[in-house]
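Chemist: below are the sequence and a predicted model; questions follow.
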Amino acid sequence: MRLSRFLVIAFVMLLGSSTSALARDQFRVCWSNDAGALPWGYAAQQKIVAKWARKYRISIDLVRVDDATDAVKQYTAGQFDGCTMNNLQALSLPAAAGIDTTALLINNFSAGNDGILLRGKNLRAQDLKGKEVHLAKNSVAHYLLVRALESVQLSEDDVSVTPTAEADLLAAYGAGDIAAVAAWNPTLAQLKAAGDSTLVFSSHRIPGEIVQLLAVNTDTLRANPALGRALTGAWFETMQRMRATDDKGAATLSAIAKGAGIELEDYEAQRRKNRSFYSARSAVTFAESPGLPAAMERMSAFAFSHGMLGKATSAQSIGISFANGVVIGSPANIKLRFDSAFMQVAADGRL
């Protein structure tokens, strides 16, 4: 009995020392040039992040990484404590690599920012059959193509997918060398302007499936809830500034566009194609909706079928948890968590 009690005490002490080892006051978070992530640049430049970090007696170094996928890979490699990413990236990069990751903030979902173009007029998704579709392989554009094909009872076997770097799409499409592309804004808008084409499918048709997040290492977040509180507070203060209808709101949007090196008109066009959560309460409502687990179940199936889940033996190998105890995939191997707790604290005014 004494030995058993000793082992329990030793385990608790070990657990406590492990948690303490993770506890710290300096953090690094990266953001990329996706339209939904651009407000982070403004929040850093205007010292909003620094203000909230000071409140919780920590420091947060917010770093811009231009390539979104590279940013997530650096987070996965442990170079950052958190990073902006979409839900497919969160699943297929850190979660698939065994890095337990929490979606701290749900920023928005794509409602037209991703689309598929076919060269020609008055075309439909059915006209994709037999076409060679150029896209960034294993990206949300690839996922969108699969969803477009499913919507008209087609599959990837009915098209030819040609992996093409986003930077190469404009030149190839503008020269008339390719007939079909799947892309996201601002590239999508530029492609549409460059040639005679029809938007045959967009993320407007699958609302709530392509989601922009700020994700944080789960162990780091558990050991340092101040990081979650500071980032949540900074984000929703920025959202409050953006949604203002006066001159201050306009100035905020102009500053975000300028900081990202794009024209305000282009930024506004992208913003209109996203459904942003400007209030914490609306973000919580989305996070706790049954549509999110359903979307992630579809995304898991896509990721597994395209070899994006590492050593997973099925689409259910990686567990994903949601609000109210909902889990899809393996409950014993949860590596991606959609946790509304910090957003709920913000909604309740308790930050």
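Modeler: Great, that's in hand. Residues are numbered from 1 along each chain as shown.

Chemist: CA atoms for contacts and neighbours, from now on please.
Modeler: Noted.

Chemist: is it true that Ala23 touches Ala223?
Modeler: Yes: using CA atoms under 8 Å, Ala23 is in contact with Ala223, at 5.2 Å.

Chemist: helix or strand for the residue nearest to Thr162 when sequence neighbours are not counted, which one?
Modeler: In this structure, Thr162 finds its nearest non-sequential neighbour in His134, 4.8 Å apart by CA to CA, 6 or more residues apart in numbering. In this assignment (DSSP states H and E), His134 forms part of strand 132-135.

Chemist: what's opposite the residue nearest in space to the middle of the chain in the beta bridge?
Modeler: Ranked by distance to the mean C-alpha position of the chain (CA atoms, centre = their mean), the top residue is Asn86 at 1.9 Å. Beta-bridge partners for Asn86, by DSSP bridges, are Gln212.

Chemist: contacts only, for it.
Modeler: For Asn86, the contact set (CA atoms under 8 Å, 6 or more residues apart in numbering) comprises Ile210, Val211, Gln212, Leu213.

Chemist: try 6 Å
Modeler: Val211, Gln212, Leu213 (CA atoms under 6 Å, 6 or more residues apart in numbering).

Chemist: one step back: surely the residue nearest to Thr162 is in contact with Val159?
Modeler: No: with contact defined as CA atoms under 6 Å, His134 does not reach Val159; the gap is 10.5 Å.

Chemist: please parse this protein into its domains.
Modeler: Listed by automatic domain parsing, the domain ranges of the chain are 23-109+209-347, 114-205.

Chemist: the longest strand along the chain: what's the following helix or strand?
Modeler: Using DSSP state E, we find that the single longest strand of the chain is strand 101-110. Next in sequence after strand 101-110, counting helices and strands by DSSP H and E, comes strand 114-119.

Chemist: low-confidence ranges, the stretch 1-150 of the chain, go.
Modeler: Within the stretch 1-150 of the chain, the stretches with pLDDT under 70 are 1-21.

Chemist: and the helices in it?
Modeler: Taking DSSP state H, counting those that start in this stretch as the criterion, the stretch 1-150 of the chain contains helices spanning 2-22, 39-45, 48-55, 68-76, 87-90, 140-151.

Chemist: between His134 and Val159, tell me which one has more neighbours.
Modeler: His134 (27 against 16; other CA atoms under 10 Å).

Chemist: show me what contacts the more buried one?
Modeler: Thr162, Pro163, Thr164, Val181.

Chemist: got a list of contacts for the helix or strand harbouring Val161?
Modeler: Counting by DSSP H and E, the element that carries Val161 is strand 160-163. By CA under 6 Å, 6+ apart, the surrounding residues in contact with strand 160-163 are Glu132, Val133, His134, Leu135, Ala136, Lys137.

Chemist: now for the contacts of His134, which pair is the farthest apart?
Modeler: When CA to CA is used, the two most widely separated members of those are Pro163 and Val181, lying 10.3 Å apart.
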